[in-house]
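*Asks:* fold the following and give me the result.
(chains A and B)
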Amino acid sequence: MAAQGSVVQKEMLTAGAHYMDPPIVNIQLAQDLLDVCRSMSLWPMTFGLACCAIEMMATGMARFDMARFGAEVFRPSPRQADVMIVAGTVTKKMAPAVVRLYEQMPGPKWVISMGNCAISGGPFKIKDNYNVIEGVDTLIPVDVYVPGCPPRPEGLLEGFFQLQRLITGKRWWPVAAEVKG
Amino acid sequence: MFGIPMILINLVIAAVAAMIWLALNALVLVYCERKFAGHIQRRPGPFEVGPHGALQPLIDGLKLMSKQLLTPDNADGFLFWLAPILSMIPVMLLFMPIPYGPVLTGMEVNLGLLLILAFSSFNGLAVILAGWGSNNKWGVLGAARAVAQTVAYEIPLLLTVLSISFMTGTLNLSEITAQQAGFIWDWNIWKQPLAFLIFIVAMFGETNRAPFDLAEAESELTAGFHTEYSSMGFGLFFMAEYGYMVAMCSICSVLFLGGFYGPFPGIEGWWWMLVKTYALLFLMIWARWTFPRVRFDQLLNLNWKWLLPLATFNLLATALIMKL
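*Replies:* Down below sits the predicted model:
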């Protein structure tokens, strides 16, 4: 039943709505420069679905401070946002809203699927599941998955770094040393 | 020179300089705002992009320019795109009559103050067009609030400015500055302390800044009148907001804080104007990150019940004293 549900949900996305005109002047250097700019000012949308949103807020607060990487500008309007952090359980009732908000964002846009619920349904992926979408990637294309239940703020920041690598093809910040013992 | 009148060349140079000044200030203020916000909340703010995050506003600007431009299906396309331009263009005019230094005045206008007050009202019109043109309920609600607010706060602002011009007997900003030459106690702030306070509060209301930023209250209205604007449409509104802040703070320093004159004679120069303007801008940013947003009835009550009677009283008292 769940599998059937997800097939139906996938058709929520408007066909052809995400077409973007190719650049009129395509200079590689300029495109690279713009890509760097895009990756360094990823404005997320003010949008939280469940408990992962609390960790997302913690990432914006003083201890972890997403602002260091220029990503603290949480825009309330999807028209001004670049990245959608799907933070939490996507229920079937919420799914149309998620898709609509995704479609309202102007391109280029990215999606971070944060937490196990958004990735695969997490603890709700059971036989009798009747109300939870098993993975937000059945609804909208997802660029970066951040696993955890919920992921720690470091995890979300790492997700942002991965997204920056996806956009520019380069990792910008040093990798955290592995803690031994 | 080549048959072109000198005044025209002067005007073109002043207009270009005003544009550069506006863009530069927007960049610096975005950086200051985010950095101050960070430090007020005990975090570093933008830090990694450039040294101490200094490239952040530039990068944000480039990114905004490279975003997709969207016009909503049901929007009135002409009005929708007219609004950000109408919001941006008059800001440049505001800088023309302001004397930034002994020789640094864009245009000597006898009615400079009137010109500034007239053109600063354009912002209200731009906001109505933005809200109405985008055909969005949040936009219309934001525009309605913005109009109620700017119309209300313009009256005490005008009355305080009027009491200054009653006192100095001129609307020319250069002359108002010249009358404050001398020591720090010659500044108008000591002669009109009440007008200064009213001007500061009305300035917050006029520029739609927190705690009076009800037109774009995120928690209630998504983004208010610029909900539907993506890319540089939003960017222009943003730049215009900072432009109005800079203009208002410059006017406040000319009217009350002695303009380009220092605290004692013989050290006047454009740097004093810069210091005073930026001190006032810092006050505005500080207030934004310190005070919570007020309710709409509180906002209008403050204006109609306190600022307006006080400003009227101040004007009448000024008139009386000037007559005696």
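*Asks:* neighbours of residue 147, how many?
*Replies:* All of this is about chain A. As a burial measure, A:Pro147 scores 16 neighbours (other CB atoms under 10 Å in any protein chain shown). The way it works is simple: take the backbone N, C-alpha and C, and place the C-beta from them, glycine included.
*Asks:* was after chain B, sorry
*Replies:* Neighbour tally, B:Val147, other CB under 10 Å: 17.
*Asks:* need the next SSE after the host helix or strand of it, C-terminal direction.
*Replies:* Taking DSSP states H and E as the criterion, B:Val147 maps to helix B:137-168. Sequence-wise, the next helix or strand downstream of helix B:137-168 (DSSP H and E) is helix B:173-178.
*Asks:* what's that next one packed up against?
*Replies:* Helices and strands touching helix B:173-178, by 3 or more CB pairs under 8 Å, 6 or more residues apart in numbering or on different chains; DSSP states H and E, are helix B:112-120, helix B:137-168, helix B:231-256.
*Asks:* flag every buried residue along that helix.
*Replies:* Neighbour counts over helix B:173-178 (16 or more other CB atoms under 10 Å in any protein chain shown) mark B:Leu173, B:Ser174, B:Glu175, B:Ile176, B:Thr177 as buried.
*Asks:* tell me the mean pLDDT over it?
*Replies:* Taken as a whole, helix B:173-178 has a mean pLDDT of 85.
*Asks:* run the chain-centre distance for the helix ranked longest in chain A.
*Replies:* Identified as the longest helix of chain A according to DSSP state H is helix A:153-168. Chain-centre distance of helix A:153-168: 10 Å, with CA atoms, centre = their mean, to the nearest Å.
*Asks:* quick one: low-confidence parts of chain A?
*Replies:* A:1-11, A:15-19, A:179, A:181 (pLDDT under 70).
*Asks:* which stretches of it form strands?
*Replies:* A:83-87, A:110-114, A:144-146 (DSSP state E).
*Asks:* what mean pLDDT does stretch B:27-45 have?
*Replies:* Stretch B:27-45 comes out at a mean pLDDT of 89.
*Asks:* and chain A, which of its residues are near chain B?
*Replies:* Within chain A, the positions near chain B by CB under 8 Å from any CB of the partner chain are A:20, A:33-34, A:36-38, A:40-41, A:46, A:61-63, A:65, A:67-70, A:72-73, A:75-77, A:79-80, A:82, A:106-108, A:172-173.
*Asks:* of the helices and strands packed on helix B:173-178, which approaches B:Leu104 most closely?
*Replies:* helix B:231-256 (11.6 Å; CB to CB).
*Asks:* and the closest one with helix B:137-168, angle?
*Replies:* Here helix B:231-256 runs at an angle of 20 degrees relative to helix B:137-168 (axes from the mean of the first three to the mean of the last three CA atoms, to 10 degrees).
*Asks:* and helix B:231-256, how far out from the chain middle?
*Replies:* For helix B:231-256, the distance to the chain centre is 4 Å (CA atoms, centre = their mean).
*Asks:* what is the rounded mean pLDDT of it?
*Replies:* Helix B:231-256 comes out at a mean pLDDT of 89.
*Asks:* show me the contacts for the most centrally placed residue in chain A.
*Replies:* The centroid of chain A falls nearest to A:Ile112 when counting by CA atoms, centre = their mean (1.8 Å). The neighbours of A:Ile112, taking CB atoms under 8 Å, 6 or more residues apart in numbering or on different chains as the test, are A:83-86, A:142-146, A:156, A:159-160, A:163.
*Asks:* then A:Met20?
*Replies:* A:Gly107, A:Pro108, B:Gln68.
*Asks:* how about A:Leu163?
*Replies:* By CB under 8 Å, 6+ apart, the neighbours of A:Leu163 are A:Ser39, A:Leu42, A:Val83, A:Trp110, A:Ile112, A:Asp143, A:Val144.
*Asks:* would you agree the last one is in contact with A:Ala118?
*Replies:* No. With contacts defined as CB atoms under 8 Å, A:Val144 does not count as touching A:Ala118, sitting 11.2 Å away.
*Asks:* show me which of those two is the more surrounded one.
*Replies:* Higher neighbour count among A:Val144 and A:Ala118: A:Ala118, with 30 against 21, using other CB under 10 Å.
*Asks:* so which elements touch the helix or strand of chain B with the lowest mean pLDDT?
*Replies:* None of the helices or strands of chain B scores lower by mean pLDDT, DSSP states H and E than helix B:218-221, at a mean of 76. In terms of contacts (3+ CB pairs under 8 Å, 6+ apart), helix B:218-221 is packed against helix B:137-168.
*Asks:* in the helix it packs on, which residues are buried?
*Replies:* Neighbour-count burial for helix B:137-168 [16+ other CB under 10 Å]: B:138-150, B:152-168.
*Asks:* give me the number of residues near B:Pro84?
*Replies:* 23.
*Asks:* can I get the CA coordinates of the helix or strand harbouring it in PDB?
*Replies:* In this assignment (DSSP H and E), B:Pro84 forms part of helix B:77-94. Extracted in PDB, the C-alpha atoms of helix B:77-94 (Å, rounded to 0.1, in the frame of the first residue of the first chain):
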ATOM      1  CA  GLY B  77       3.200  42.300 -14.600                       C
ATOM      2  CA  PHE B  78       3.700  46.100 -15.200                       C
ATOM      3  CA  LEU B  79       2.900  47.200 -11.700                       C
ATOM      4  CA  PHE B  80       4.700  44.200 -10.200                       C
ATOM      5  CA  TRP B  81       8.000  45.200 -11.900                       C
ATOM      6  CA  LEU B  82       7.400  49.000 -11.600                       C
ATOM      7  CA  ALA B  83       7.300  48.800  -7.800                       C
ATOM      8  CA  PRO B  84      10.900  47.900  -7.000                       C
ATOM      9  CA  ILE B  85      12.200  50.400  -9.500                       C
ATOM     10  CA  LEU B  86       9.900  53.100  -8.100                       C
ATOM     11  CA  SER B  87      11.200  52.200  -4.700                       C
ATOM     12  CA  MET B  88      14.800  52.500  -5.700                       C
ATOM     13  CA  ILE B  89      15.000  55.600  -8.000                       C
ATOM     14  CA  PRO B  90      13.800  58.300  -5.500                       C
ATOM     15  CA  VAL B  91      16.300  57.200  -2.900                       C
ATOM     16  CA  MET B  92      19.100  58.600  -5.100                       C
ATOM     17  CA  LEU B  93      17.400  61.900  -5.300                       C
ATOM     18  CA  LEU B  94      17.300  62.100  -1.600                       C
END
